[in-house]
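# Got a predicted structure plus its sequence, pasted below:
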Amino acid sequence: MSAPTTQPMLRLRTQWENLRAGWNRVGVQTLFYGKTLTSVADVLRHYRVEVLRLIAQMSLGTGALAIIGGAVVIIGFLTLSAGAVLAVQGYNSLSGIGVEALTGFISAYVNVRIAAPLVAGIGLAATIGAGATAQLGAMRINEEIDALEVMGVRSIAYLASSRLIAGVVVVIPLYCVAVVMSFLSARFATTAVYGQSTGVYDHYFGTFLNWTDLIWSFLQAIAMAVVVMLVHTYYGFNASGGPAGVGEAVGRAVRTSLICAVLVTLFVSLAIYGQSGNFNLSG
């Protein structure tokens, strides 16, 4: 009788230990995020040169990556593909009910509110974020972070907060490229591939393009950059287990940041458009 009785107790105890460990990890991450955000002032005061170096590295890349433009080209290509797919799907769907002229409306509405910010966040996580995790993880397993702390350098400010600032600065021109590429690819796919009149497309695109929504999408991209860089710097800063541990940290960081990017898109959309939608389909 004792064996069947102890097995449920062991499972319950294991579940409780896993729950407590997970809750502790949430607390550790929250503490790290708080320290990273509060150390921004120290970075601007003491480590401005490091921030400039990181901005150049994140935007255009270093070494062989600089030849193709780094994250600028990658995110631009991603949003170009997303805008073209949106135009193809939108035109075919609208043509089924005889209103394919409204493809410009689909581009102006969906690209700004959902497609461009979300694709830019995914590209940011896969390029700049993953690179930051790998760099910090390599420094951690090589004990370079411990050496910085021994020398009296504020490790979180110098390594994490500086990358947070650089990521936020870089995402602004990156998102400009992303939005322009999504608009141009949708227009090209609709007018050149499907043969719709450029005047018809531009009319509906200009009619339904809301500049307020465009500003909100920029703020959404900045919020996404903050969340992505916080997640990736945490996993890189706390990597362990040698080179395999760094690879695992990059995988966990990308997975977590992709989930956070979708959640940021959801919450921002609910906060801005959840009540009224700011939309009126009229002539």
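Cool, got the structure. Numbering: from 1, shown residues only.

# Could you tell me how far whichever strand or helix holds Ala186 lies from the centre of the chain?
In this structure, Ala186 is located in helix 162-188 according to DSSP states H and E. Counting by Cα atoms, centre = their mean, to the nearest Å, helix 162-188 is centred 11 Å from the centre of its parent chain.

# How is Ser240 assigned, secondary-structure-wise?
Classification of Ser240 by DSSP: H, G, I helix; E, B strand; the rest coil places it in coil.

# Might you report the residue contacts of it?
By Cβ atoms under 8 Å, 6 or more residues apart in numbering, the contact list for Ser240 reads 140-141. Yep, even glycine has a C-beta here, placed from its N, CA and C like the rest.

# Check the gap between it and Ala147 for me.
Ser240 sits 17 Å away from Ala147, going by Cβ to Cβ, to the nearest Å.

# Nearest residue to Tyr201 in space, ignoring adjacent ones along the chain?
Gly104 (4.4 Å; Cβ to Cβ, 6 or more residues apart in numbering).

# Local confidence estimate at that neighbour?
At Gly104, the pLDDT value in this model is 84.

# Same check on Ile114?
pLDDT at Ile114 comes out at 83.

# Thought Leu266 was touching it, still the case?
No. Using Cβ atoms under 8 Å, Ile114 makes no contact with Leu266, being 10.1 Å away.

# can you pull the buried residues of the helix holding Ala186?
162-171, 174-175, 177-179, 181-183, 185-187 (16 or more other Cβ atoms under 10 Å).

# And the next helix or strand past that helix?
Taking DSSP H and E, what comes next after helix 162-188 is helix 198-208.

# List the buried residues in that following helix.
200-201, 204-205, 208.

# Where do the strands of the stretch 1-150 of the chain begin and end?
Taking DSSP state E, counting those that start in this stretch, the stretch 1-150 of the chain contains no strands at all.
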